[in-house]
Structures are given as C-alpha cells and as structure tokens.
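S.K.: give me coordinates for this.
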Amino acid sequence: MSAVPSETKSPEITDKSQMIEHLAAGNKPRENWRIGTEHEKIGFNTKTLKPLPYEGSTSIRKMLEGLQRFDWEPILEKGYLIALKRNGASVSLEPGGQFELSGAPLKTVHETCREVSRHLREVRDVAGEIGAGFLSLGFRPDTKLEDVPMMPKGRYNIMKSYMPKVGTHGLEMMFRTCTVQTNLDFGSEADMVKKMRVSLALQPVATALFANSPFTDGKLNGYKSYRSRIWLDTDADRTGMLPFAFDEGFGFEHYVDYALNVPMYFVYRGGTYLDASGKSFKDFLNGNLDIVPGQRATMRDFEDHLSTIFPEVRLKQFLEMRGADTGPWNELCALPAFWVGLLYDETALDAAWDLVKDWTQEEREQLRRDVPKMGLQTPHRGGTLQDVAKAALDISRHGLNARAHLNGHGESETVFLQELDEFARSGKSNADRLIADYKGKWDGDITRAYQDCIY
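M.R.: Here you go, the predicted model:
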C-alpha cells in the first residue's frame with residue numbers, strides 16, 4: 001500500500017487509451033529490467049510483547065524518527081510522520097503498524113540482499129535503543145485483532161469501514177498479516193502476458209515454499225500459511241487468480257477493463273482521502289462521482305486506483321508477485337531470486353510456461369484454496385506441489401546461472417535458493433519447523449516466537 005498520493009498536476013482521462021498506454025509505458029528493454037523487493041515485519045515491545053503503538057517512547061513514530069539519522073527523509077500526512085524515503089526506496093506503514101521496506105529498483109539479487117541487510121541493521125539499531133523488536137512471521141502470533149493499533153493514515157479509515165462489507169477476513173488482512181513481495185519488469189505486452197500467466201500459475205508454489213504463519217491468538221491455527229487463507233475471503237472484487245489473464249487475446253486493455261470494474265476506495269483531494277468505497281471508477285471517468293461532482297478522473301487517480309487492487313499478481317508498470325509470507329532474512333532474499341530466475345531469462349521463462357501451460361483454471365484455483373493448509377503437500381496431478389516446487393526451482397536455478405551475476409566471492413544469484421531447495425527436498429517449509437518447535441521445545445509457549453523469530 002502506498003504512502004501519500006501526489007497531488008502534482010495530472011492529465012484528465014478522456015479516453016480509455018490513456019490508461020492502456022499508461023500500463024504499456026512499463027515496457028522496458030532487457031538491459032533496463034530491475035528488481036524491487038518489499039517486505040513487512042511485525043513490531044513489538046520487547047518488555048511487554050505488545051504491538052507497537054504509533055505514539056510513545058517505544059513506538060512506530062520513534063522508529064521512523066530514529067531511522068532518519070541514516071539519511072532517510074520524512075514523509076508527513078496531516079502532520080503525522082508516516083513514511084521515509086531514500087534513493088528510490090521507502091519505509092512505510094501498513095494499517096496495523098507492519099513496518100515495510102519498499103526497496104529501490106536494483107539490477108541484481110545481490111544488490112537487493114545488500115539493501116535488505118542494510119535496512120535490517122538500521123532497524124535493529126533503532127529498535128534496540130527504544131526497546132522494540134520485529135518478528136519474521138506472516139501473521140501476528142498472539143495479538144488479537146481488537147488489540148492491534150491502527151496507524152494514522154487516512155485511507156486506512158476508509159478501508160477499515162469498507163472491508164467487513166465485502167468479506168469476513170479483510171480486517172485480519174489489514175492488521176495482522178505480513179508479506180514479502182517482488183516487483184519485476186517486462187519488455188513488451190506479449191512478455192507481460194507470458195510472465196503474468198507463469199507467475200499466476202506458480203504463485204501457490206511460492207505460497208507453499210514461503211509458508212510461515214501457523215499461529216493465531218497464541219496457538220496453532222491448522223494452517224501453514226494463514227496469511228494466504230485470509231486472502232481467500234477478503235474482497236472477491238479485487239483479489240484472486242485473474243482467470244481472464246489466460247484468455248486468448250489478454251493484454252493491457254483487458255487489465256484496464258478489469259480495473260475499471262473494481263469498486264473504488266477513495267479519491268485524494270486537498271490532502272484528504274475522500275471516502276469513495278464501493279463507488280464506480282467508470283462514474284468518475286464520466287464526471288458523475290457524487291463526492292466530487294463534475295470532476296473527472298485524472299491519470300493520478302487511476303494510478304491510485306490500481307494500488308487498491310490486490311490479486312495474486314498485480315499489474316502496474318511492472319508485475320508484483322504477492323503470494324508469499326514474510327520470513328527470516330535469507331527468505332527475503334530468496335523470493336526475488338526465485339522469481340528472477342524464472343522470469344528474467346528467456347529459456348527459463350519458456351520452460352516455466354511449459355510446466356504450467358496445460359493447467360486448467362479449476363486446477364489453479366484448487367491449488368490456491370488448498371495450499372494455505374497443506375503447503376508443499378498439496379495434491380496435484382497424482383503427485384504433490386513439492387514435485388512442482390522442485391521443477392520450478394531447477395528452472396529458476398538455470399535462469400539465474402544464465403544471468404551470470406556474481407558477488408565478490410564468485411557466487412551467482414543461485415546462492416539465495418539454498419533454503420528453498422531444502423524446503424523442496426524435505427517437503428517442509430518454515431511453518432512446518434515452527435509447528436514442530438511449538439509442539440516440542442516451546443512446549444506450547446507462544447512467547448518463544450518473540451525469541452526465535454526476531455530479526
């Protein structure tokens with residue numbers, strides 16, 4: 001979710017072609033393809049284990065203030081410090097105070113991992129001074145929904161009111177989940193389509209490999225990725241596997257048509273979020289939106305609207321991989337490696353498409369429904385998703401080796417796949433390890449998560 005929308009002058013939309021062209025402007029030559037990685041983490045008070053409020057001596061605001069000594073510039077909304085920016089990257093807040101790094105667009109996974117490492121060092125430095133810590137879990141392990149503080153960002157008030165109208169788990173998504181995402185480029189409309197289809201089909205594989213949210217309200221919840229279970233009933237209008245992306249002729253125009261049919265959240269005017277929840281962006285295009293009578297949507301409004309759509313793979317002027325639970329440091333580096341290997345080498349992309357091209361819509365949807373509970377043991381075509389994960393990782397490894405980006409030790413980007421290889425070999429993800437720990441050495445004491453899962 002974005003920080004504060006810009007109110008710089010933006011052209012009014014007079015024709016659908018402008019929105020199509022906006023997406024098509026993401027086309028880039030291969031040499032300009034970059035990697036953007038975003039990850040969230042759960043803050044807590046190390047003495048009380050309670051979530052970090054916005055204000056106070058041990059708080060989100062203190063974190064943001066402390067990080068400014070590392071050359072982060074503040075971003076304010078109505079006087080509240082709600083984000084930071086530095087060299088193309090940002091630190092921002094999710095509704096329940098989940099602390100997010102949105103990384104700069106970088107050329108290699110090695111650079112991405114250095115960025116993640118630097119950020120976590122800075123966070124630990126500031127957190128240690130104020131008595132805070134951050135968890136590497138995909139869902140809050142014991143804090144109840146009603147006990148999670150809300151951050152002072154205007155759009156979150158609108159979402160909090162709207163979510164219960166369109167699903168049973170939307171507030172859980174807002175306040176208790178944490179994810180890691182990778183944003184990747186495309187070279188043409190055809191390249192976007194192929195990457196979209198491959199990444200949608202394989203998103204359940206990523207969910208299974210990165211499953212890391214087996215706890216709710218202090219006990220096991222029966223899932224390996226409860227975060228992904230939450231998304232099954234959040235808001236069907238703006239989530240899911242985008243089956244139309246596999247239709248013949250799919251392209252930028254079809255995604256625009258989809259976006260225009262997604263109900264709105266807000267309009268940003270005069271530094272204020274105006275509640276447009278449930279209203280039609282098509283009415284806005286025609287100047288018929290009742291909350292801003294006579295005003296027609298601008299391209300900036302369209303960009304804001306795209307940011308309120310949450311499918312498993314989201315199209316902007318790049319593609320966002322959205323299927324993974326956040327995890328420990330090495331898994332934050334593994335996610336971009338996994339997807340870059342699959343999507344940024346032509347031979348690998350062809351092989352990945354061959355792997356999934358005959359999967360049916362029903363099979364893709366079934367995987368999405370089953371993976372939250374069964375993870376890598378999810379049945380698929382006479383085997384399990386573990387088999388698919390092994391094949392996908394093999395393709396990704398070939399793709400990363402073909403890129404031949406080496407670090408100072410002469411290692412390729414495949415070094416970041418090592419833990420995923422172990423997950424695929426054993427059929428057990430980080431969630432399985434946590435479940436075993438909870439039943440074993442933790443002896444059912446969920447507070448051990450605050451020791452064993454801290455960054």
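S.K.: surely Lys153 and Leu93 touch.
M.R.: Yes. Using C-beta atoms under 8 Å, Lys153 is in contact with Leu93, at 6.7 Å. Where you see a C-beta, it was placed from the backbone N, CA and C, and this is true even at glycine.
S.K.: mind listing the shared neighbours of the two?
M.R.: Ile82 (C-beta atoms under 8 Å, 6 or more residues apart in numbering).
S.K.: which of those two has more neighbours?
M.R.: Shown here are Lys153 and Leu93; by other C-beta atoms under 10 Å, Leu93 has more neighbours (27 against 24).
S.K.: how far away is the residue lying closest to that one once chain neighbours are set aside from Phe99?
M.R.: Counting by C-beta to C-beta, 6 or more residues apart in numbering, Met151 is the residue found nearest to Leu93 once chain neighbours are left out, at 4.5 Å. Noted for Met151: a distance of 10 Å to Phe99, by C-beta to C-beta, to the nearest Å.
S.K.: pull out the buried residues from stretch 386-399.
M.R.: Buried residues in stretch 386-399, counted by 16 or more other C-beta atoms under 10 Å: 386, 388-399.
S.K.: stretch 358-376 now?
M.R.: Trp359, Arg364, Gln366, Leu367, Arg368, Asp370, Val371, Pro372, Lys373, Met374, Gly375, Leu376.
S.K.: relative to the whole chain's centre, how far out is that stretch?
M.R.: 19 Å (C-alpha atoms, centre = their mean, to the nearest Å).
S.K.: can you list the low-confidence ranges for the stretch 301-450 of the chain?
M.R.: Applying pLDDT under 70 to the stretch 301-450 of the chain flags no residue at all.
S.K.: and the next helix or strand past the helix or strand that contains Glu253?
M.R.: Following DSSP states H and E, the helix or strand that holds Glu253 is helix 252-260. Counting by DSSP H and E, the next helix or strand C-terminal to helix 252-260 is strand 266-269.
S.K.: need the next SSE after that following strand, C-terminal direction.
M.R.: strand 272-275.
S.K.: got the contact list for whatever helix or strand comes next after that next one?
M.R.: Per DSSP H and E, the first helix or strand lying C-terminal to strand 272-275 is helix 281-285. For helix 281-285, contacts defined as C-beta under 8 Å, 6+ apart pick out 13, 259-262, 264, 267, 276, 289, 292, 295-297, 301-302, 305.
S.K.: what about Asp71, how many neighbours?
M.R.: When neighbours are defined as other C-beta under 10 Å, Asp71 has 10 of them.
S.K.: re the thing from before, now the buried residues of stretch 386-399 in TSV, with distance to Asp71?
M.R.: Formatted as TSV, these follow (distance: C-beta to C-beta, whole Å):
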residue	distance to Asp71
Gln386	44
Val388	43
Ala389	40
Lys390	43
Ala391	43
Ala392	38
Leu393	37
Asp394	41
Ile395	39
Ser396	34
Arg397	36
His398	39
Gly399	34
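S.K.: among these, which one lies nearest to His405?
M.R.: Nearest to His405 out of these is Gly399 (C-beta to C-beta; 11.3 Å).
S.K.: I'd say the closest one and Ala348 touch.
M.R.: Yes. The criterion here is C-beta under 8 Å, and Gly399 meets it with Ala348 at 3.1 Å.
S.K.: and for those two, which residues touch both?
M.R.: Common neighbours of Gly399 and Ala348 (C-beta under 8 Å, 6+ apart) are Gly341, Leu342.
S.K.: quick one, what contacts the residue of the chain most remote from its centre?
M.R.: Going by C-alpha atoms, centre = their mean, the residue of the chain most distant from its centre is Gly294, 35.3 Å out. The neighbours of Gly294, taking C-beta under 8 Å, 6+ apart as the test, are Gly287.
S.K.: backbone phi and psi for it, please?
M.R.: phi 80, psi -10 (degrees, to the nearest 10).
S.K.: strands along the stretch 51-200 of the chain, start to end?
M.R.: Using DSSP state E, counting those that start in this stretch, the strands of the stretch 51-200 of the chain run over 73-77, 80-86, 89-93, 99-102, 132-135, 179-184.
S.K.: same check on the stretch 251-400 of the chain?
M.R.: In the stretch 251-400 of the chain, the strands defined using DSSP E, counting those that start in this stretch lie at 266-269, 272-275, 310-311, 313-315, 319-325, 379-380, 383-384.
S.K.: tell me the most buried of those strands?
M.R.: Of all the strands of the stretch 251-400 of the chain, strand 319-325 carries the top mean neighbour count, a mean of 26, counting by mean count of other C-beta atoms under 10 Å.
S.K.: that one vs strand 179-184, what angle?
M.R.: Put simply, strand 319-325 runs at 160 degrees to strand 179-184, going by axes from the mean of the first three to the mean of the last three C-alpha atoms, to 10 degrees.
S.K.: against Lys428, how distant is the residue lying closest to Glu320 once chain neighbours are set aside?
M.R.: Spatially, and ignoring its direct neighbours in sequence, Glu320 is nearest to Arg314 (4.2 Å; C-beta to C-beta, 6+ apart). Arg314 sits 29 Å away from Lys428, going by C-beta to C-beta.
S.K.: one more: Phe416?
M.R.: Phe416 is 19 Å from Lys428, by C-beta to C-beta.
S.K.: do the same with Leu385
M.R.: 12 Å.
S.K.: comparing these two, which residue is more hemmed in?
M.R.: Neighbours per residue, other C-beta under 10 Å: of Leu385 and Lys428, the larger number sits with Leu385, 27 against 19.
S.K.: which residues touch that one?
M.R.: So Leu385 contacts Pro204, Val205, Ala208, Leu367, Val371, Met374, Gly375, Leu376, Gln377, Thr378, Pro379 (C-beta under 8 Å, 6+ apart).
S.K.: who's in contact with the last one?
M.R.: With contacts taken as C-beta under 8 Å, 6+ apart, Pro379 has the following neighbours: Asp370, Leu385.
S.K.: just give me the neighbour total for the nearest residue to Asp125 once chain neighbours are set aside.
M.R.: Distances taken as C-beta to C-beta, 6+ apart put Gly66 closest to Asp125, at 7.8 Å, once the chain neighbours are dropped. By other C-beta under 10 Å, the residues close to Gly66 number 18.
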